[in-house]
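A.B. asks: coordinates for the following, if possible.
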Amino acid sequence: MNQDGQKNGTPETGTRGVDLEKLLEERARLEEIIHQKFTRLITVMFTDFKGSTAIAETEGDMASRLLIKKHHDMLFPILQENRGVLVKTMGDGTLSWFEKAQDAVRTAVRFQQSLNEFNRGQRPGKIPIIVRVGLNTGMGIVEQSDIFGDVVNVASRFESIAGPGEIYISESTQTALDSKDEFRCRFIKDTELKGKAGRHKVFKVYWNPEEPEEEPQAAAPPTVQGLPPSARPGISGAMGPMQRGGFMTRPGATAPAKKLLDTSGMKEEREARERAVREVKSLVVRKGDTQRLFGEGYKVLDDILVEEGGLLSVENAQLFFSENAGIVSLGTFRAKNSVFSALDAAKGWRNISIDPRDGRASPLERCTFRYGKGRQWGNFAAASGSPHPRFIDAYNYGGGLLIRGAKEKAVSVTDCVFHRCSAHEGGGILLLSSGTAVGGCTFENCAAGVSGGGIFCVDDSSTVKGCSFLACTAEKGGGGMGCHNSNPVIDGCTFERCSTRHLYGGGLLCLESAPTVTSTRFLRCSASKEGGGIYSDGGKAPKVLQSTTLTDCLPTATGGFSMAPGKSGW
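C.D. replies: I've put the predicted structure just below:
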């Protein structure tokens, strides 16, 4: 024994007499037993009751709990009929598994159909149950009361990216189906999943026979780096180099992708307009009340008014407005996956005007606005009780949306489409004294009789990020976007074929404004006088103009950018 208490190199309290080789063999044998007994090919299904937290907030805990019970009462028998095993309920969600992918997808389809029947039977304004479902197939560890493995994690990710009322399945689930003819299933996109490497194919199961199938999304363009500087004159200061016939990005930045426009859905929209039988007249949502329009087509015959403290929620619905109808909200307005259009496209409709005063968030997500013609300022000022000295009562403002006085993050407009909306100012959106977040939106063929074909900002500091302005026009200035006394942030946007017919700023007009413009493209924009891409009247200048390119913008004397020595004066 040495001074460290060791004998022949082995600690006295160590592993004398233990054979490591035999331990490793025993471990391998146990792992094989565990694998054979507990590991199997399964299809995992997650469901999530969308909006239950908001329901508890607005309706109370008991109303939310009763709806969750109804959710369970419909799901559990369908699970049992299709040999599904419920693992657990998680508040407003569930986790279950199946030995066959066919049984899992059939359960998801029948569950959505049952929910749809329940929601249709509800009285107008009652709370619907909207669920999203995600499924994935793979090897998992199945115990008596739980399941484990990456197959569970991926199924959870597919549920989280599904929209309300949708069923998303992985490629492995789609491949594992015994009979693909039983379901209407289609690949729609590939995407990254949170915490998972690589890109994953997403398949959507269409459980509603009336729902048209989506076209698969186009793949994002590759990152563009290292293009040589243009030989033609650039702009001194913070702006990056310009490239004729191309564009520049920061190293590692991805060029903004042109969005697919929802023109293919116009036929379905016409059909939905013809099917719409519910009429809405003289609807006022008063303080403390909640009104929901869900899952159907509505003919709106005059303005819907949401008073301060009221809540109007529109989800998975199509609202078709008469010529002098729209929505005026002084309270909370929330909309998702809905269409706002006109009963007669030639006559148009007013718009949705939001002047939030009750401090709650008003998100608008994945909605389409068509043929809005804006609201006369006098009409809106009368409802909101506060006129604005800059605006003319007889003019129309905000073809699709008019947002006024929204504090930062109070109103957000995300992944929406504005198609052929028009007004004197703000053909798509008018933003006044707000901090609105506008992200991922598309403005196509929107027009302004004066300024701001897509967006017009007045006394505003909103953020416009990742948006596309396609063939938008204005008579005087700002074919794509116009700013007056505003400092918005414009980041990662594309202005393509936007134009001004008579004066300045085919893409962007800056009047007494200092916007921050970064990583933005101006492509083939034009103005009849100056600033085919960007025009500044000289009162102020863009605060930051960085990694931004102007390609084939006319007039071209300064690369499509012009700054006047004095104000434009119209």
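
A.B. asks: quick one: residues contacting the closest residue to Phe98 other than its chain neighbours.
C.D. replies: Once flanking residues are discounted, Phe98 sits nearest to Ala104: 4.1 Å by CB to CB, 6 or more residues apart in numbering. The C-beta positions use only the backbone N, C-alpha and C, and glycine is treated the same way. Shown in contact with Ala104 (CB atoms under 8 Å, 6 or more residues apart in numbering): Thr43, Val44, Met45, Asn82, Gly84, Trp97, Phe98, Leu135, Thr137, Thr173.

A.B. asks: and with 6 Å instead?
C.D. replies: Ala104 sits next to Thr43, Met45, Phe98, Leu135 when contact means CB atoms under 6 Å, 6 or more residues apart in numbering.

A.B. asks: am I right that the last one sits in a strand?
C.D. replies: So that's Leu135. Yes. Using DSSP: H, G, I helix; E, B strand; the rest coil, the secondary structure at Leu135 is a strand.

A.B. asks: hmm, Ile42 and it touching each other?
C.D. replies: No. In this structure Leu135 lies outside contact range of Ile42 using CB atoms under 6 Å: 10.6 Å.

A.B. asks: okay, those two: which has more neighbours?
C.D. replies: Neighbour count, other CB atoms under 10 Å: between Leu135 and Ile42, Leu135 has more, with 32 against 26.

A.B. asks: name the residues linked to the more buried one by a beta bridge.
C.D. replies: On the basis of DSSP bridges, Leu135 is bridged to Met45, Ile169.

A.B. asks: would you mind measuring from it to Leu301?
C.D. replies: 42 Å (CB to CB, to the nearest Å).

A.B. asks: ditto for Thr500
C.D. replies: For Thr500, the distance to Leu301 - CB to CB - is 36 Å.

A.B. asks: more neighbours: the two, which one.
C.D. replies: More crowded of Thr500 and Leu301, by other CB under 10 Å: Thr500, with 31 against 17.

A.B. asks: partner residues bridging the more buried one?
C.D. replies: Ala474, Ala527.

A.B. asks: begin at 51 from here
C.D. replies: With 51 as the first residue, the last one maps to Thr550.

A.B. asks: isn't it right up against Ala524?
C.D. replies: Yes. If you go by CB under 6 Å, Thr550 and Ala524 touch, sitting 5.2 Å apart.

A.B. asks: wait, a strand at Thr144?
C.D. replies: Yes. Counting by three-state DSSP, Thr144 falls inside a strand.

A.B. asks: quick one: which two of the contacts of Ala154 are the most distant?
C.D. replies: Farthest apart among the contacts of Ala154 by CB to CB are Phe148 and Leu185. That separation is 8.8 Å.

A.B. asks: just the pLDDT for the residue minimising distance to the centre of the chain.
C.D. replies: What sits nearest the mean C-alpha location of the chain, by CA atoms, centre = their mean, is Asp465, with 3.5 Å. Note on Asp465: pLDDT of 94.

A.B. asks: and if you look at the one 3 residues further on?
C.D. replies: Phe468 is assigned a pLDDT of 96 by the prediction.

A.B. asks: is it correct that it is in contact with Phe493?
C.D. replies: Yes. Counting by CB under 6 Å, Phe468 touches Phe493, with 4.8 Å between them.

A.B. asks: who has more neighbours, these two?
C.D. replies: The residue with more neighbours, out of Phe468 and Phe493, is Phe493; 32 against 29, by other CB under 10 Å.

A.B. asks: list the contacts for that one?
C.D. replies: Contact partners of Phe493, counting by CB under 6 Å, 6+ apart, are Phe468, Gly478, Gly504, Phe519, Cys522.

A.B. asks: make CSV out of those residues and add distance to Gly248.
C.D. replies: Below are the contacts of Phe493 laid out as CSV (distance: CB to CB, whole Å):
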residue, distance to Gly248
Phe468, 34
Gly478, 36
Gly504, 35
Phe519, 33
Cys522, 37
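
A.B. asks: just those: which are in strands?
C.D. replies: The members of those that map onto strands under DSSP state E are Phe468, Phe519.

A.B. asks: closest to Leu80 among the contacts of Phe493?
C.D. replies: Using CB to CB, those come closest to Leu80 at Phe468, 62.2 Å.

A.B. asks: Three-state assignment for Ala113, please.
C.D. replies: Assigned with three-state DSSP, Ala113 falls in the helix class.

A.B. asks: what is the neighbour count of it?
C.D. replies: With other CB under 10 Å as criterion, Ala113 counts 14.
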